[in-house]
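> I'd like to go over a predicted model; first the sequence, then the structure.
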Amino acid sequence: MTTRNECLARDAADPLAPLRERFALERLDEQGVVYLDGNSLGVLPRAAAGRVRQVVEDEWGLGLIRSWNSAGWNALSQRVADKIARLVGVGPGEVVVADSTSVNLYKVLSAAAAIARADDPSRRRIVSERSNFPTDLYIAETVARACGLELTLVDEDQIHAHLDGGVALLLLTHVNYRTGRMHRLPEVTRAAHDAGAIAIWDLAHSAGAVPVRLDGGGSLEEAADFAVGCGYKYLNGGPGAPAFAWAHPRHTARMDREGWRQPLSGWMGHAAPFEFTPDYRPGAGMSRFLCGTPPILSLAALECGVDAVLAADAHGGLEAIRQKSIALTRLFIDLVELRCAGHGLALVTPRDAAARGSQVAFAHDTGGYAIIQALIARGVIGDFRAPDTLRFGFTPLYTRYVDVWDAVIQLERVLVSGEWRERRFDARAAVT
């Protein structure tokens, strides 16, 4: 059986261990907090507070409007986007950072629907998982109504069976937000293409945590068509950080040739925003997917988070992150099933590491929410997803093996003592 000392030894030998210093964890460590919710909100990068203060006090406070040029505000969005591009396997200029994941999904789904209708009007279905993140399904339903399409929801094991000649778009999240199940992105994309469908991926729970090659590694059949992703989870950009969007260059080249626009035609997506013409001309390439003025304060924080992930390049890069993620999640599963057996927890995350993202989820029929609240009261922060799921995220840049050990010990105490049954832990907060 693994011991705490063995976990400490693994931490001492961890090639990613130096990266923990890039995060402001001192006060949490002093309070004995173990943070296992980076799949919902990443930890504050150490550089972020100072960088945001600089933007506020110097660039905004002194530079004022001049900072769009003198401090490089106008280029900040694309600079951050090009850094994210390195994490999702695409080239510079192919990603934009703007708006929220929901808004970006509306843009790319609308563009994908326009392409599908132009190529084959007989294809009328958008296929997605029934267990997909709700905002993805809500946006897909809105686009389907606007474009005269139908949204078909299927179970994860039925996706391939529903890829037929009537499918226009396949919309999936790479790593399921509730269970942590991870799709084989290249294989599923190839299956969509074989069926003549366009593949759109949400990378909210994978970008920065698992290696992603949206370009298919050079294979057009396995290259995704469109993608969106979140800035505040594994990219550590802070609450409400801007999201990102990507389209395959073959699609943006076609949009350029045919003058297509995305539906939110804001001024920053114009070919020449500062000409202030009354007519809209879409910008070239991915720039057409921009809309309004970029949020400079949020972008400054997000850049610090992305830089912290890119710092892993000197320690093995995304492959090292992935290997540690697999090890952390495996250790957590093994320890929970060993030490918490008989207390009603059922693993819902795949045991197969190749099918698992960087999180682990257990279901509890009656007490999922209360158990998480009791655990948080003990300083171990995970979260709950209705109706019954206890969810734990592992960010290899700062999560240690000893954190896994300590978290499981506290979970065991919560379950053995039965303290989770206290009424105070059943009071539902607005955010779970």
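Structure's in. What do you need? Numbers count the residues shown, from 1 in each chain.
> burial count for the residue nearest to Gly283 when sequence neighbours are not counted?
Closest residue in space to Gly283, ignoring its immediate chain neighbours: Ala271 at 4.9 Å, by Cβ to Cβ, 6 or more residues apart in numbering. Yep, even glycine has a C-beta here, placed from its N, CA and C like the rest. Counted with other Cβ atoms under 10 Å, residues neighbouring Ala271 total 13.
> per-residue confidence at Met1?
What the model reports for Met1 is a pLDDT of 79.
> Could you list the residues in contact with stretch 45-54?
Defining contact as Cβ atoms under 8 Å, 6 or more residues apart in numbering, one finds that stretch 45-54 is touched by 21-24, 236, 238, 297, 300-301, 303-305, 307-308.
> can you check stretch 413-427 too?
In contact with stretch 413-427 (Cβ under 8 Å, 6+ apart) are residues 340, 343, 345, 367, 369-371, 373-375, 377-378.
> Considering these, which is situated nearest to Glu156?
Within the contacts of stretch 413-427, the smallest distance to Glu156 is 21.5 Å, found for Leu345 (Cβ to Cβ).
> and the nearest residue to that closest one once chain neighbours are set aside, what helix or strand is that in?
Leaving aside its sequence neighbours, Leu345 sits nearest to Phe362 (Cβ to Cβ, 6+ apart; 4.4 Å). Here Phe362, judged by DSSP states H and E, is contained in strand 359-363.
> Kindly provide the whole-number mean pLDDT of that strand.
Strand 359-363 comes out at a mean pLDDT of 98.
> how far does it sit from the chain's center?
Strand 359-363 sits 17 Å away from the centroid of its parent chain (Cα atoms, centre = their mean, to the nearest Å).
> before we move on, the earlier item: take the contacts of stretch 45-54 and lay them out in a markdown table including distance to Val154, neighbour count and secondary structure.
What follows is those, written out as a markdown table (distance: Cβ to Cβ, whole Å; neighbours: other Cβ atoms under 10 Å; DSSP: H, G, I helix; E, B strand; the rest coil):
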| residue | distance to Val154 | neighbour count | secondary structure |
| --- | --- | --- | --- |
| Glu21 | 45 | 11 | helix |
| Arg22 | 41 | 22 | helix |
| Phe23 | 39 | 23 | strand |
| Ala24 | 43 | 15 | coil |
| Asn236 | 33 | 29 | coil |
| Gly238 | 35 | 22 | coil |
| Leu297 | 41 | 14 | helix |
| Ala300 | 41 | 24 | helix |
| Ala301 | 38 | 28 | helix |
| Glu303 | 38 | 24 | helix |
| Cys304 | 39 | 22 | helix |
| Gly305 | 34 | 29 | helix |
| Asp307 | 39 | 17 | helix |
| Ala308 | 37 | 23 | helix |
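> domain ranges for this protein?
Domain ranges of the chain: 4-45+317-426, 72-306, per automatic domain parsing.
> Quick check: the residue nearest to Leu345 touching Ala341?
No. Taking contacts as Cβ atoms under 8 Å, Phe362 lies outside contact range of Ala341: 11.8 Å.
> doesn't Asp82 make contact with Val95?
Yes. With contact defined as Cβ under 8 Å, Val95 reaches Asp82; the gap is 7.0 Å.
> which of these two has more neighbours?
Val95 (26 against 18).
> In this protein, spot the helix with the most residues.
Counting by DSSP state H, the longest helix found in the chain is helix 317-339.
> Tell me which helix or strand comes right after it.
Next element after helix 317-339 (DSSP H and E): strand 346-347.
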